[in-house]
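> Sequence below, structure please.
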Amino acid sequence: MRRISAIVLSATLLLGISTISPTATDAAAKEFKNCTELNKTYKGGVAKAANIKNIGGKTKHTPFVSKEIYNANIKSDRDNDGIACEK
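You can find the predicted model right below:
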């Protein structure tokens, strides 16, 4: 009985996560109108990958890593280092 309950619970959790993921990704890829707006949500800016190095100078905050958000705001990456609106 416990094994069946565990299987049903696992399947429910798996199905719940798979249906939520696309919605979370769509909502996360918001395009901001400028760096001031983006930095209100992401203080260090948004990097397209975790291994990106900042070439724009010293920063105070670590950027949030999200390829989708970066691609939506690529216009805000003035120095083309892979981090939009680094601060």
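> Neighbours of residue 83, how many?
26 (other C-beta atoms under 10 Å). Placement of C-beta: from N, CA and C, glycine included.
> who does it bridge with?
residue 47 (DSSP bridges).
> Would you check how far apart residue 7 and residue 85 are?
46 Å (C-beta to C-beta, to the nearest Å).
> Same drill for those two, tell me which one is more crowded.
residue 85 (22 against 10).
> Thought residue 41 was touching that one, still the case?
No: using C-beta atoms under 8 Å, residue 85 makes no contact with residue 41, being 10.1 Å away.
> what's the distance between the residue positioned nearest the centre of the chain and residue 10?
Geometric centre of the chain, nearest residue: residue 66, 3.1 Å, by C-alpha atoms, centre = their mean. Remark: distance between residue 66 and residue 10 (C-beta to C-beta) = 28 Å.
> Distance-wise, check residue 87 relative to residue 58.
10 Å.
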